[in-house]
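J.: Fold the following.
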Amino acid sequence: MKNRLNAYLNKLLELNGSDLHLKEGSLVHMRVKGELHALKEERLTHDDMTQVVQEILTTNEFARLKEERELDSSYTLDNRRYRINVFHHMHGLGVAMRVIPEDILSLEDLHLPKSVEKLSELEHGLILVTGTTGSGKSTTLAALLDRINKTKRKHIVSIEDPVEYLHKEHSCLISQRSVGTNTQTFSSALKASLREDVDVIFIGELRDLETVEIALHAANTGHLVVATLHTLDAKETIGRIIGMYPEGEQGRIRTALSFVLEAVVSQRLVKTKEDERIPAVEILLKTTRIAELIAENRDSEILESIESGKDIYGTQTFDQSLLQLYNRDIISKQIALRHATNPSDLSLKMQGIDKTTNTETKNIPSRPTKGVFDLK
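T.: Below you'll find the model as predicted:
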């Protein structure tokens with residue numbers, strides 16, 4: 001089975017795919033350009049999956065899997081690294097393997113707005129990068145940390161489950177810790193980092209209230225905290241954090257969040273006319289107005305404030321990002337409306353576009369670099 005696994009992974013790389021899915025009782029599936037494709041082979045048996053799991057997990061991890069029934073880890077083959085999740089389902093074992101790119105692309109290579117690049121200049125506060133699984137959060141965060149690594153002299157501590165991108169030290173000292181291997185939990189590693197003369201803390205995911213509480217404290221005491229959440233947009237992100245707390249504490253946490261939240265960058269990968277993928281990005285940046293809306297529980301007004309701040313602050317909504325991509329002839333109208341927050345409003349705005357006078361994107365290439373976000 002080892003040779004078959006290697007063959008599957010090599011095929012995944014050959015197709016520039018992002019994920020390999022192995023599931024007992026099913027065909028092998030690969031995700032390529034955002035879509036799942038099945039290989040026309042025999043269905044995987046219990047023996048097949050047992051051999052795969054024994055190949056990709058250490059002895060200790062295999063024992064943990066038996067106890068916990070699911071496990072996150074990483075796997076290396078021919079110097080290529082993969083993030084893996086092993087789990088039990090109704091009919092046996094399953095494995096999802098995601099390619100971790102060898103190189104860390106720059107924020108410019110990822111065609112992210114200039115306002116995202118400026119986040120690397122922050123000295124303290126909380127930056128959240130959000131989106132669904134496979135929306136490019138890890139790729140964007142790696143690029144942001146790499147920019148800090150090359151432009152500042154800081155101590156960066158990353159806490160991930162598992163560690164994905166491996167950062168080489170440039171101007172910064174970098175300590176990367178993997179939950180389950182180098183530390184027991186996100187919260188325990190986060191507490192320890194505050195005693196390690198740290199400047200920048202990267203948290204792979206804000207999973208629970210304790211981790212959120214410590215992250216807010218760190219951001220409020222002079223550290224730059226960068227983290228991810230599985231939320232769709234800025235408004236939902238704020239609601240998710242507030243909702244983690246009991247009702248009686250939500251006023252306090254709103255006040256705290258209004259002080260420390262510097263930015264929310266939310267991503268959706270959309271298909272281009274060249275059948276590649278590029279991010280549509282919503283960007284919330286801290287302003288006096290945004291801070292007031294968060295503190296006063298006026299989340300319903302946040303989207304309007306983001307939209308109105310585009311020219312002054314560099315904020316933008318998903319629909320503004322999609323409109324820009326459509327105006328540059330990168331995505332079709334159908335794709336833009338499919339991913340829009342307000343499809344009817346976006347459709348009306350499209351009817352009034354003069355593509356020859358759009359000056360917002362003069363200095364951005366009309367076409368993205370091929371395959372940039374088919375990574376991850």
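
J.: Ser106 belongs to a strand, doesn't it?
T.: No. Assigned with DSSP: H, G, I helix; E, B strand; the rest coil, Ser106 falls outside any strand and is coil.

J.: show me what contacts it?
T.: Shown in contact with Ser106 (CB atoms under 8 Å, 6 or more residues apart in numbering): Ala143, Asp146, Arg147. C-beta coordinates here come from the backbone N, C-alpha and C atoms, glycine included.

J.: of the residues you listed, closest to Gly243?
T.: Ala143 (29.5 Å; CB to CB).

J.: Show the contacting residues for the closest one.
T.: Counting by CB under 8 Å, 6+ apart, Ala143 touches Ile104, Leu105, Ser106, Leu107, Asp109, Leu110, Leu112.

J.: Quick one: buried ones out of those?
T.: By neighbour count, with 16 or more other CB atoms under 10 Å, those hold Ile104, Leu105, Leu107, Leu110, Leu112 as buried.

J.: Can I get these in a markdown table including pLDDT?
T.: A markdown table is the format used below for the buried ones among the contacts of Ala143 (pLDDT from 0 to 100):
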| residue | pLDDT |
| --- | --- |
| Ile104 | 94 |
| Leu105 | 94 |
| Leu107 | 94 |
| Leu110 | 92 |
| Leu112 | 93 |
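
J.: on that earlier part again, JSON lines please, covering the contacts of Ala143 and showing distance to Met30.
T.: Converted to JSON lines, the contacts of Ala143 look like this (distance: CB to CB, whole Å):
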{"residue": "Ile104", "distance to Met30": "24"}
{"residue": "Leu105", "distance to Met30": "22"}
{"residue": "Ser106", "distance to Met30": "28"}
{"residue": "Leu107", "distance to Met30": "28"}
{"residue": "Asp109", "distance to Met30": "24"}
{"residue": "Leu110", "distance to Met30": "23"}
{"residue": "Leu112", "distance to Met30": "27"}
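
J.: For Leu93, list each beta-bridge partner.
T.: Counting by DSSP bridges, Leu93 forms beta bridges with His88.

J.: what residues are up against it?
T.: So Leu93 contacts Lys23, Glu24, His46, Met49, Thr50, Val52, Val53, Val86, Phe87 (CB under 8 Å, 6+ apart).

J.: Asn3: neighbour count?
T.: 7 (other CB atoms under 10 Å).

J.: And it, how close does it get to Ile56?
T.: 14 Å (CB to CB, to the nearest Å).

J.: Count the neighbours of the residue lying closest to Asn342 once chain neighbours are set aside for me.
T.: In space, and not counting its chain neighbours, Asn342 is closest to Asp319: 6.0 Å by CB to CB, 6 or more residues apart in numbering. Residues near Asp319, counting by other CB under 10 Å, number 22.

J.: Who are the packing partners of the strand or helix carrying Asp319?
T.: According to DSSP states H and E, Asp319 maps onto helix 318-327. Under the contact criterion of 3 or more CB pairs under 8 Å, 6 or more residues apart in numbering; DSSP states H and E, helix 318-327 touches strand 261-271, strand 277-285, helix 333-339, helix 343-351.
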